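> Let's see this in three dimensions:
(one chain, ligands or ions: 2)
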Amino acid sequence: MAYLNLDKLRKVYPNGTLAVQDMDLEIRQGEFIVFLGPSGCGKTTTLRMLAGLEQVTGGSIVLDGRDITDLAPRERNISMIFQSYAVWPHMTVAENIGYPLKLRKMKKPAIAAKVEHVAQVCGITDYLGRYPSQLSGGQRQRVAVARALAVESKLSLMDEPLSNLDAKLRVSVRTFLKEIHRESGATTIFVTHDQSEAMALADRIVVMNGGQIEQIGSTRDIYNRCDSLFTAQFMGTPPANIKNVALQIVGGRLIAGAEGKAGPVSLDLGRADAAPDIARLAGRGVCLAVRPEIIRIGSRAGINDVTIDIVEPQGAYTILVARILDSEWKVMVEGDPDLEPGLTVPLEVDASRIMLFDPESGRRL
Ligand SMILES: Nc1ncnc2c1ncn2[C@@H]1O[C@H](COP(=O)(O)OP(=O)(O)OP(=O)(O)O)[C@@H](O)[C@H]1O
Ligand SMILES: [Mg+2]
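Ligands and ions are numbered 1, 2, ... in the order given. Now for the predicted structure:
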């Protein structure tokens with residue numbers, strides 16, 4: 001049985017906003033789940049319902065065999081870290097971590113031992129006597145994490161806990177969170193709208209859109225086997241190149257064709273027999289999604305010759321911008337090759353990795 005079970009969970013705010021629509025979700029004990037989705041898709045609302053801070057309009061929440069749908073927040077044994085560091089400015093670090101334990105009537109020596117232990121895990125032992133104002137953003141965030149850990153809750157909720165940190169610190173604190181999770185095994189739901197953060201942290205990602213779950217899966221599934229065009233567009237930096245095309249087989253080769261401003265344009269996707277899943281869709285209109293990294297510079301001039309418009313070196317890889325199928329496409333090539341704008345190169349697409357969607361419904365074909 002699932003450790004946490006959301007059954008048709010629904011939230012309509014008093015003003016009529018439907019924020020979460022009949023959400024079904026099962027989570028195993030110890031999983032690190034990431035809710036990922038654009039602003040306003042219902043991530044915070046779902047967390048607040050789990051924490052008991054928001055009344056549920058419909059459906060139920062069962063945690064570890066107990067229906068907690070209508071329980072008061074303190075009866076749920078759930079900890080929550082918010083976007084703003086919820087550390088108390090008038091308390092030292094040690095008092096911040098120990099306070100929730102004091103509320104739970106834990107004895108002083110036990111509190112001191114617990115504070116010592118989590119401070120060590122979080123690497124903040126040296127700051128226990130300081131006030132939050134005497135800490136850096138990253139250190140404060142660690143205090144918030146330490147406090148949540150100290151309580152040993154059944155479920156740990158984190159709502160964009162890293163969003164106030166600068167880019168570099170975000171990456172280091174997220175590695176730290178992953179280490180902590182590996183050690184503590186705490187069942188965690190982490191909210192973010194940063195897909196790179198989601199991919200780095202999650203055992204499973206829940207992609208949300210408009211109050212509904214779009215897809216649930218491992219990072220690999222969510223990235224490579226998108227159920228919907230929404231997910232394909234949302235995941236990936238730079239994002240996937242997307243175009244409505246007609247698929248055809250011409251001389252044993254798979255050709256994606258479209259109408260360009262100056263007449264028909266096409267992209268050769270390679271030998272049809274090398275990609276049977278795609279070849280079976282020949283003869284119909286599809287929405288084609290091609291991730292920048294599945295295009296490479298080919299060896300055969302004459303196939304997909306394109307002129308490079310922009311070269312953006314990134315050190316480990318280089319992003320090229322070129323006009324493909326009469327749209328501005330991004331191509332990601334390894335390393336820092338010697339390429340100049342204006343150069344014409346042949347391109348090859350790894351057809352086994354392209355994704356096709358129904359142009360009407362946006363669902364995977
Ligand atoms: N108290 C409220 N009353 C009415 N509508 C609300 C309330 N809180 C949130 N909403 C609406 O509910 C929807 C979901 O909001 P929510 O805060 O859950 O989104 P989110 O996914 O957390 O977004 P973000 O990434 O911006 O934090 C939005 O349309 C929002 O405007
Ligand atoms: Mg939110």
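> Pop out the phi and psi values for the residue in the stretch 151-300 of the chain that ligand 1 sits nearest to.
Here the stretch 151-300 of the chain gets closest to ligand 1 at one residue, residue 193, 4.8 Å apart by CB to the nearest ligand atom. (Each C-beta comes from the backbone N, C-alpha and C, glycine too.) With angles defined as degrees, to the nearest 10, residue 193 sits at phi -110, psi 20.
> ok, how many other residues are close to it?
By other CB atoms under 10 Å, the residues close to residue 193 number 18.
> repeat for residue 361
By the criterion of other CB under 10 Å, residue 361 has 11 neighbours.
> One more: residue 153?
Residue 153, neighbours per other CB under 10 Å, totals 17.
> if I pick it, what's in contact with it?
Residue 153 is in contact with 77, 78, 79, 186, counting by CB atoms under 8 Å, 6 or more residues apart in numbering.
> Quick check: phi and psi at it.
phi -80, psi 170.
> Excluding chain neighbours, what is closest to it?
With CB to CB, 6 or more residues apart in numbering as the criterion, residue 153 has its nearest non-adjacent residue at 4.0 Å, and that residue is residue 79.
> isn't the one you found right up against residue 144?
No: counting by CB atoms under 8 Å, residue 79 stays clear of residue 144, with 10.2 Å between them.
> Low-confidence bits of the chain, can you list those?
Applying pLDDT under 70 to the chain picks out residues 83-85.
> Swap in 50 and give it another go.
Nowhere does the chain drop to pLDDT under 50.
> near ligand 1, which residues of it?
Contact residues (CB under 6 Å from any ligand atom) of the chain with ligand 1: 13, 15, 17, 19, 37, 39-45, 193.
> Helices along the stretch 201-350 of the chain, start to end?
Ranges of helices within the stretch 201-350 of the chain are 219-224, 229-234, 276-279, based on DSSP state H, counting those that start in this stretch.
> Next, the contact list for the residue of the stretch 151-300 of the chain closest to ligand 1, please.
By CB under 8 Å, 6+ apart, the residues touching residue 193 are 36, 37, 38, 39, 43, 160.
> Next: residue 155.
Contacts of residue 155 by CB under 8 Å, 6+ apart are 4, 50, 63, 76, 77, 78, 79, 186, 187, 188, 189.
> Show me the residues you listed that map onto helices.
Assigned to helices by DSSP state H, the following of the contacts of residue 155 qualify: residue 50.
> Buried residues in stretch 28-46, which are they?
31-37, 41-46 (16 or more other CB atoms under 10 Å).
> Next, count neighbours for residue 300.
For residue 300, using other CB under 10 Å, the count is 10.
> The closest residue to it other than its chain neighbours pairs with what?
Setting aside the residues directly before and after it, residue 300 is nearest to residue 346 in space (CB to CB, 6+ apart), at 5.7 Å. For residue 346, the beta-bridge partners under DSSP bridges are residue 305.
> count of neighbours near the nearest residue to residue 329 once chain neighbours are set aside?
Among residues not flanking residue 329 along the chain, residue 241 sits closest, at 4.3 Å (CB to CB, 6+ apart). When neighbours are counted by other CB under 10 Å, residue 241 registers 23.
> ok, now the one 4 residues further on?
By other CB under 10 Å, 22 other residues sit near residue 245.
> hang on, isn't it packed against residue 284?
No: using CB under 8 Å, residue 245 makes no contact with residue 284, being 10.0 Å away.
> Tell me where the stretch 1-150 of the chain has strands.
4-12, 18-27, 32-36, 58-63, 66-67, 78-81 (DSSP state E, counting those that start in this stretch).
> just checking, which of the ones you listed sits deepest inside the structure?
Among those, strand 32-36 has the highest mean neighbour count (mean count of other CB atoms under 10 Å), at a mean of 24.
> who does that one touch, helix- and strand-wise?
Other elements packing on strand 32-36 under the criterion 3 or more CB pairs under 8 Å, 6 or more residues apart in numbering; DSSP states H and E are helix 43-51, strand 188-192, helix 195-201, strand 204-209.
> Burial-wise, tell me which of those comes out on top.
Stretch with highest mean neighbour count among the helices and strands packed on strand 32-36: strand 188-192 (a mean of 25; mean count of other CB under 10 Å).
> and it with strand 18-27, angle?
Counting by axes from the mean of the first three to the mean of the last three CA atoms, to 10 degrees, strand 188-192 lies at 140 degrees to strand 18-27.
> Is the residue nearest to residue 153 bridged to anything, and to what?
With DSSP bridges as the rule, residue 79 is bridged to residue 156.
> re earlier: any chance of a markdown table for the helices of the stretch 201-350 of the chain, columns distance to residue 331 and mean neighbour count?
Shown next, in a markdown table, are the helices of the stretch 201-350 of the chain (distance: least, CB to CB, whole Å; neighbours: other CB atoms under 10 Å):
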| stretch | distance to residue 331 | mean neighbour count |
| --- | --- | --- |
| helix 219-224 | 18 | 17 |
| helix 229-234 | 17 | 22 |
| helix 276-279 | 19 | 15 |
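> Could you export these as CSV, including distance to residue 353?
Formatted as CSV, those follow (distance: least, CB to CB, whole Å):
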stretch, distance to residue 353
helix 219-224, 7
helix 229-234, 12
helix 276-279, 10
